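Trainee: how does the following fold in three dimensions:
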Amino acid sequence: MTDYFAGDPRSNRERMLAGDLYIADDPESEKEAQRAMAMQAKFAAAYPDDPLGSQSILAEFLGSVGDEVHIKAPIYVDYGTYISVGARTFVNYNLTALDVAPITIGEDCQIGPNVQLLTPTHPVEPQPRRDRLEAAKPITIGDNVWLGGGAIVLAGVTIGENSVIGAGAVVTRDVPANCVAVGNPARVIREI
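Mentor: Numbering: from 1, shown residues only. Below is the predicted model of the structure:
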């Protein structure tokens, strides 16, 4: 394996949090990921019997959760601690939010079922991929955004406020405020 980090004294976790290339085997990250898995399971088990009461579990493992947020179980995260959800946001079943970098979801958002928010990226070159290198870029979703079911938002994307992302769209680049974007890759089809 090539020593990609010669002269870089940082841990893989420190490189990950800085948005630089890293290998995802840091013991601290693994411990945090295991904690997140346990919290996801706790939330999924509590939700069927107490959908409203179970929302307090989210505050235990997500970075921040605004007032009147409602997320349906199950939810899948890497760590949870790098996710913030604004007030009055609703998230339908099966959100996958890989928060290797921060994921910010604004206020008053509506997120459909099976949406994926994916901050990790991988090199295009074959050798670094063989060596399990990855990086991450944050995702930012503005206030009052609607994400249709099955939408995928990729690393580094910002979606402006009041925008609508169509069901099944793959968002590979920023979407301005007050727009409707659809397709794969998603493209703006009109302003609101």
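Trainee: tell me which other helices or strands the longest helix along the chain touches.
Mentor: For the chain, the helix that runs over the most residues, judged by DSSP state H, is helix 27-46. When contacts are defined as 3 or more C-beta pairs under 8 Å, 6 or more residues apart in numbering; DSSP states H and E, helix 27-46 sits against helix 12-18, helix 55-61, strand 75-77. All C-beta atoms are positioned from the backbone trio N, CA, C, and that covers glycine.
Trainee: need the contact partners of it.
Mentor: Helix 27-46 is contacted from outside by 11-13, 16, 53-54, 57-58, 60-61, 73-81, using C-beta atoms under 8 Å, 6 or more residues apart in numbering.
Trainee: narrow those to those that are buried.
Mentor: By neighbour count, with 16 or more other C-beta atoms under 10 Å, the contacts of helix 27-46 hold 12-13, 16, 54, 57-58, 61, 73, 75, 77-81 as buried.
Trainee: would you list the residues you listed in TSV and tack on distance to A135 and pLDDT?
Mentor: Converted to TSV, the buried ones among the contacts of helix 27-46 look like this (distance: C-beta to C-beta, whole Å; pLDDT from 0 to 100):
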residue	distance to A135	pLDDT
N12	11	88
R13	13	87
M16	8	89
S54	34	96
I57	30	97
L58	27	96
F61	24	93
A73	30	98
I75	24	98
V77	18	98
D78	14	96
Y79	16	96
G80	20	97
T81	19	96
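Trainee: what is the nearest of these to I23?
Mentor: Closest approach to I23 among the buried ones among the contacts of helix 27-46 (C-beta to C-beta): N12, at 5.1 Å.
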